[in-house]
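Undergrad: Fold the following.
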Amino acid sequence: MPAVTVADVTTLPRVPEPGAAAVDRPVRSVTTAPSGVEGEGFPVRRAFAGIDLRDVDPFLMMDQMGEVEYAPGEPKGTSWHPHRGFETVTYIMDGTFEHQDSHGGGGVITNGDTQWMTAGGGLLHIERPPEQLVTSGGLFHGVQLWVNLPKADKWLEPKYQDLRAGESALLTTPDGGALIRVIAGELAGHTGPGSTYTPMAMMHATVAPGATVRLPWRRDFNALVYVLSGAGSVGTEKRPVRTGQAALFGSGDTITVSGNDKQESRLAGLDVVILGGQPIREPIAWAGPFVMNTRAEVLQAFEDYQKGKLGVVPATYVPHSSAGGNA
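TA: Numbers count the residues shown, from 1 in each chain. Have a look, this model is predicted:
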């Protein structure tokens, strides 16, 4: 899991220890993500399955894509499809992914890069591995997070952010026991490059075997930790967690994550995605690729899509010719 790595984490800015008066957030639940298939056949884990949607607000869902070692011809993506009313955040740790949309956004992301697409009032987009990866096969691992938009922002003009790995704020703990990559939001005065409409934070942390991370966390944010790989514990109560499990925290000022002393030999430590956001607390009407506030708005979205009002496939789009490509 390369993502962003550094030769010596002790050279990075330190996240200070929370003050003595800080309240540790208790662990409310630990759930295990079921496996599924997305798009034209790439394997995913549904990270938030089993957690009440009200508890993850402003987030809607998160898929862990892979980790999978593709043989030549196996890599797959999605076909062209619409979205309206929310944002998709695609973070790649291993491999390469292409994005293109009907609003002019697009690019290629690889180890540690992020594509942040605000669907807003609506567009069409496609995500797929590049031709080279389809031909050669190789390792692929990433996550896609869906972030809701408040009613006032659901009709915004679509927007695309291409966030390079080197733009993430890199931090460590007082003892140098973790590498923390801040993709969006703020931690200890350091801000990630992602621009958000909903106040939120998204981070990827690699916790060394036996190390503990205790992070200050905004009280008005919820808090979730999802284990990408490895084994460890969460909270001061040390609830065990492992690959594919999500921990939901209660209220308080700090989040605690620890890595087990022993990890798989191929792993650098415990890898987790840490998320939090300010709940929107508005009605959600959700059907397929559309997330609105009322059923009527969702039906309107389907009608607009059928009438071509959400955009058209760009004339510059070239389908892959190899196996696993998209038509």
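Undergrad: Which other helices and strands does the helix or strand that residue 304 is a member of contact?
TA: For residue 304, the enclosing helix or strand under DSSP states H and E is helix 295-306. Secondary structure elements in contact with helix 295-306, counted by 3 or more C-beta pairs under 8 Å, 6 or more residues apart in numbering; DSSP states H and E, are strand 285-287, strand 290-292. In short, each C-beta sits where N, CA and C put it, glycine included.
Undergrad: helices or strands up against the last one?
TA: Strand 290-292 is packed against strand 285-287, helix 295-306, with contacts defined by 3+ C-beta pairs under 8 Å, 6+ apart.
Undergrad: In the longest one, which of the residues would be classed as buried?
TA: So the one you mean is helix 295-306. Applying a neighbour-count criterion of 16 or more other C-beta atoms under 10 Å, the buried positions in helix 295-306 are 297-298, 301-302, 304-305.
Undergrad: any idea of the mean pLDDT for that helix?
TA: Per-residue pLDDT values over helix 295-306 give a mean of 97.
Undergrad: now do stretch 156-167
TA: Confidence over stretch 156-167, taken as the mean pLDDT, stands at 94.
Undergrad: Now that stretch - C-alpha only, CSV.
TA: Coordinates of the C-alpha atoms in stretch 156-167 are reproduced here as CSV (Å, rounded to 0.1, in the frame of the first residue of the first chain):
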residue,chain,number,x,y,z
LEU,A,156,-24.7,23.6,-7.8
GLU,A,157,-22.8,23.5,-11.1
PRO,A,158,-20.7,20.4,-11.2
LYS,A,159,-17.1,20.7,-10.1
TYR,A,160,-14.0,18.5,-10.3
GLN,A,161,-10.9,18.6,-8.1
ASP,A,162,-7.7,16.7,-9.1
LEU,A,163,-5.8,16.3,-5.8
ARG,A,164,-2.2,15.1,-6.2
ALA,A,165,-0.7,12.8,-3.5
GLY,A,166,2.0,15.4,-2.7
GLU,A,167,-0.6,18.0,-1.8
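Undergrad: and it, which residues are buried?
TA: Within stretch 156-167, the residues that qualify as buried by neighbour count (16+ other C-beta under 10 Å) are 158-163, 165, 167.
Undergrad: what do you get for stretch 270-288?
TA: Neighbour counts over stretch 270-288 (16+ other C-beta under 10 Å) mark 270-280, 284-286 as buried.
Undergrad: Figure out which of the helices and strands packed on helix 295-306 is closest to residue 5.
TA: With C-beta to C-beta as the measure, strand 290-292 is the member of these nearest residue 5 (34.6 Å).
Undergrad: all helices for this structure, in order.
TA: Along the chain, the segments classed as helices by DSSP state H run 53-56, 131-136, 295-306.
Undergrad: So which elements touch the first one?
TA: This means helix 53-56. Packed against helix 53-56, as judged by 3+ C-beta pairs under 8 Å, 6+ apart, are no other helices or strands.
Undergrad: would you put the C-alpha positions of stretch 8-21 in PDB?
TA: Listed next in PDB are the C-alpha coordinates belonging to stretch 8-21 (Å, rounded to 0.1, in the frame of the first residue of the first chain):
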ATOM      1  CA  ASP A   8      11.600   9.300   8.000                       C
ATOM      2  CA  VAL A   9       8.300  10.200   9.600                       C
ATOM      3  CA  THR A  10      10.200  11.800  12.500                       C
ATOM      4  CA  THR A  11      10.900  14.800  10.200                       C
ATOM      5  CA  LEU A  12       7.100  15.500   9.900                       C
ATOM      6  CA  PRO A  13       5.100  18.000  12.000                       C
ATOM      7  CA  ARG A  14       3.700  16.300  15.200                       C
ATOM      8  CA  VAL A  15       0.100  16.200  16.200                       C
ATOM      9  CA  PRO A  16       0.200  17.300  19.900                       C
ATOM     10  CA  GLU A  17      -1.200  15.200  22.600                       C
ATOM     11  CA  PRO A  18      -4.700  16.200  23.500                       C
ATOM     12  CA  GLY A  19      -5.000  18.200  26.800                       C
ATOM     13  CA  ALA A  20      -5.800  16.500  30.100                       C
ATOM     14  CA  ALA A  21      -9.400  17.800  30.000                       C
END
